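[1] Curious how this folds, go ahead:
(2 chains)
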There are 2 protein chains.
Amino acid sequence: MAERPNYMSPEDFRGAGHRAVDWVAGYHERIEEFPVLSEVAPGWVRSQLPAEPPEQGEDFADVLADLDRIVVPGLTHWQAPGFFGYFPANASGPAALGDLVSSGLGAVGLLWLTSPAVAELEQHMLDWLVSALELPERYRGNGVIQNSASSATLCAALAARERAGGIDALAELVAYTSEQAHSSVVKGLRIIGIPAERVRAIATTPDFAMRADHLAYEIVKDRSDGLTPFFVAATVGTTSTTAIDPVAEVGWVANNFEAWMHVDAAFAGSAAVCPEMRWLNDGLDTADSYVFNPHKWLLTNFDCSALYLADPRHLINAMSITPEYLRNEASDSGEVVDYRDWEIPLGRRFRALKLWFVMRHYGLEGLRSHIRRHVAWAAELTDWVAADDRFELVTPTVVSLVCFRHIDGDDATQRVLDAVNQSGQAFLTHTNLDDKLVIRVAIGSPQTERHHVEELWNLVQSAA
Amino acid sequence: MAERPNYMSPEDFRGAGHRAVDWVAGYHERIEEFPVLSEVAPGWVRSQLPAEPPEQGEDFADVLADLDRIVVPGLTHWQAPGFFGYFPANASGPAALGDLVSSGLGAVGLLWLTSPAVAELEQHMLDWLVSALELPERYRGNGVIQNSASSATLCAALAARERAGGIDALAELVAYTSEQAHSSVVKGLRIIGIPAERVRAIATTPDFAMRADHLAYEIVKDRSDGLTPFFVAATVGTTSTTAIDPVAEVGWVANNFEAWMHVDAAFAGSAAVCPEMRWLNDGLDTADSYVFNPHKWLLTNFDCSALYLADPRHLINAMSITPEYLRNEASDSGEVVDYRDWEIPLGRRFRALKLWFVMRHYGLEGLRSHIRRHVAWAAELTDWVAADDRFELVTPTVVSLVCFRHIDGDDATQRVLDAVNQSGQAFLTHTNLDDKLVIRVAIGSPQTERHHVEELWNLVQSAA
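    Here you go, the predicted model:
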């Protein structure tokens, strides 16, 4: 008989778990000591690791020590108060602990039967979000957690493909999105068999919002060419500038031509938790599917992307295959939700726990003030930029992303960007608009306080 | 200025975190008190939850209390020692704590730059697994963590589609797998645009292994019909019975006809950590891609599916789109790995941490004895079944899944199954083979001890 491995007992887990929790707490206490952008060279992290796995088990304390020695220097600190790059990816204590409980339970939610609580808490939390954000009522009961907006958009496109005739119709299908849409739209469409040549990049206004008239023009043209317009992806808060597509107009066009209307509000959508930002939902009643990411700006650790479908049957029809070993009475009854047919993976983690922990810890009031801080500071920063002759704002600030450039052109802008990033105190990323380099300042981390935004602005000014 | 929400400070996180760790430890101490299969009725969990999210934040203690009141009764306890259903989904202390640190760091690894440690530790851990399992050397440096074998197989098929001419070739592409393959093969192919009519279900031997001669016959037939055989998915350890396809023969056929060879060893693959089980890798040198799930039988919590590609360029070409806001010097240099082009989601969690924690805590010796216990007990249970006239074994026991039925037929078999599952002490699932109902006993939980297998057998005997 083989000997018993050194399984970690509940008692040992208590001890190691407390130390791991303390390590995480300590990391957050020290986070401002590290350069925000990792300074290691390619290959450095690997060079610190043994080439081969250990034969014998090691002490947990040694593993924790190596976190400090090897991992921390190799991190770009997304949770640092000076992280203003890309979009934020909020981590929070309650969400991390929701994930810890999920890991500890180790329940896999492929079917309702394989853990009713996994399925039902997920459905319920997505309904709580319908209430919290005042989303269209027809989304109630029809939400699912996906790992990312990329996957959610792929699923929406797949449901659209199913409604438009399935694989048989593939060669005639055409999709539409704006030239400012996220790369995941083209990626998802490519995966399901729509080449880039049949994805129309609709022109945008000077504020980078999709032009509904151009959309209508392209759709009419494609239909007269014998093609089938099947999918329109609008964006509420584009990645480059948080431009807001006119969802009502775009949706009216999509609905009238029987194309699936998908809305990607990955970053900006969370702001609708504030009544004064509910205009972000304008036109959503036209949308067959809607995605936003609580894992970006709603204090719920990655991954937690919320996808809603007005009618989930198209997605389920596209996904569903039931071999004998997955059949069971509850599923056959049709009374329960089996989320395996709502996404690509079969198995799924208990991700609703972290949403539950977050909404209960902060309450809607807490979530609203979280958003309001960033919106207010972005407005302040916008004013500061506007008042400085050396810089120009590139777009109006819509939620909490500020886009600007140096008036002397790309080289000067690049120098500012490099100086800020090399300071170690803050991290900014860029985009390119009308062939000009643009600095993006995305405000949205729970660690960021107003003085961090001021310090960033001082850094930018010194560099200019 | 908006007021500051009640962010959980590092100090508060310490307190709440210790309580969450203790709750998880306590759950594991009590796990045998609960019926393995949840007994709640559809809708019960939701009926216990408030219809609307709270306006004000609540105490963390109340949330933990509701775990016991609402969540635990709604769980099917995958980590219980009496869970013998589906395949195991090993959770372990070190893996849960690796995930906790990942949640605490909140680093998002879309690009190397966005956290070099996320990319490099992942690449390194997958290389450790190449060593641990003695996988083909050409997989070294070419591994990626996916969320599931379903997604991994989809990515493999997508890479194969790319190599075979991409979307333009779609209408001529034909795929092959055995009639015993997992439903995810057909699902993944359907998603990328290959309808079920162009997925050939190759016949199997009496032991349910793919017949390479039938595969060759079907490929030749399709080619003479002007179609393009582009993808062959073999299985090492099928879901119904852990049948082992003859990978060397199947791969020889696939290689000769220039079809992509994919091997799915989702469950059984982990056993190759033991030298005496390395035969599971036979023929892998023919495989363009290989997937196995440390999250099933290697003590690494879901999700952690390891995908290897002999040449990752096809997958990267299929996935890669680089908008301006993701461009950076490190990526442009080609010196680093950007995992966003290796899977569907753009963002990714730091999942390599849990693999690192697990391999260091247990060492290879610990992982081997973990596997050996289950293989030994499955052999014992097989002998007990063979010695009992009322039952018949349906297939040879290959790794740690035992398949048998009552000799009186389906009704008698169903009664045994129902009696065991209603006992609350154990949970079994079924399959259907040659139109007959079959009981599956999947042994593989770290909590299971030999006496639990004996008790299960006593339950089965009493029910017969």
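
[2] residue contacts, A:Thr397?
    A:Thr397 makes contact with A:Ala378, A:Ala379, A:Leu381, A:Thr382, A:Cys403, according to CB atoms under 8 Å, 6 or more residues apart in numbering or on different chains. For every residue, glycine as well, the C-beta is placed using N, CA and C.

[3] For the residue nearest to the last one when sequence neighbours are not counted, which residues are in contact?
    The shortest distance from A:Cys403 to any residue other than its chain neighbours is 4.4 Å, reached at A:Val394 (CB to CB, 6 or more residues apart in numbering or on different chains). The neighbourhood of A:Val394, defined by CB under 8 Å, 6+ apart, consists of A:Thr241, A:Cys403, A:Phe404, A:Arg405, A:Leu433, A:Lys436, A:Val438.

[4] Equivalent analysis for A:Glu29, please.
    Applying CB under 8 Å, 6+ apart, one finds that A:Glu29 lies in contact with B:Pro10.

[5] now do A:Val144
    Here A:Val144 is in contact with A:Glu122, A:Leu126, A:Ala306, A:Leu307, A:Tyr308, A:Leu309, A:Pro312, A:Tyr339, A:Trp342, A:Glu343 (criterion: CB under 8 Å, 6+ apart).

[6] nearest residue to it other than its sequence neighbours?
    Nearest non-adjacent residue to A:Val144, counting by CB to CB, 6+ apart: A:Trp342, 4.3 Å away.

[7] Would you check that that neighbour makes contact with A:Cys155?
    Yes. Contact criterion CB atoms under 8 Å: A:Trp342 and A:Cys155 qualify, at 7.3 Å.

[8] shared neighbours, these two?
    Contact criterion CB under 8 Å, 6+ apart; residues bridging A:Trp342 and A:Cys155 by contacting each: A:Leu307, A:Leu315.

[9] Of the two, which one has the most company?
    When A:Trp342 and A:Cys155 are compared for neighbours, A:Cys155 comes out ahead with 27 against 23, by other CB atoms under 10 Å in any protein chain shown.

[10] hang on, the more buried one packs against A:Gln146?
    Yes. Counting by CB under 8 Å, A:Gln146 is a contact partner of A:Cys155 at 6.7 Å.

[11] what touches both of the two?
    Shared contacts of A:Cys155 and A:Gln146 (CB under 8 Å, 6+ apart): A:Leu307, A:Glu343.

[12] helix or strand for A:Val441, which one?
    Element membership for A:Val441, per DSSP states H and E: strand A:436-442.

[13] So which elements touch the following helix or strand past that strand?
    The C-terminal neighbour of strand A:436-442 among helices and strands, as given by DSSP H and E, is helix A:450-463. Packing partners of helix A:450-463 (3 or more CB pairs under 8 Å, 6 or more residues apart in numbering or on different chains; DSSP states H and E): helix A:352-386, helix A:410-423.

[14] and the residue in the stretch 351-464 of chain A positioned nearest to chain B, how many neighbours does it have?
    Relative to chain B, the nearest point of the stretch 351-464 of chain A is A:Arg372 (3.4 Å; CB to the nearest CB). Neighbours of A:Arg372 under the rule other CB under 10 Å: 20.

[15] That one contacts A:Val273, doesn't it?
    No. Checked against CB under 8 Å, the pair A:Arg372 and A:Val273 is beyond contact range at 9.7 Å.

[16] who touches the residue nearest to A:Val144 in this structure?
    By CB under 8 Å, 6+ apart, the contact set of A:Trp342 is A:Val144, A:Cys155, A:Leu307, A:Pro312, A:Leu315, A:Ile316, A:Met319.
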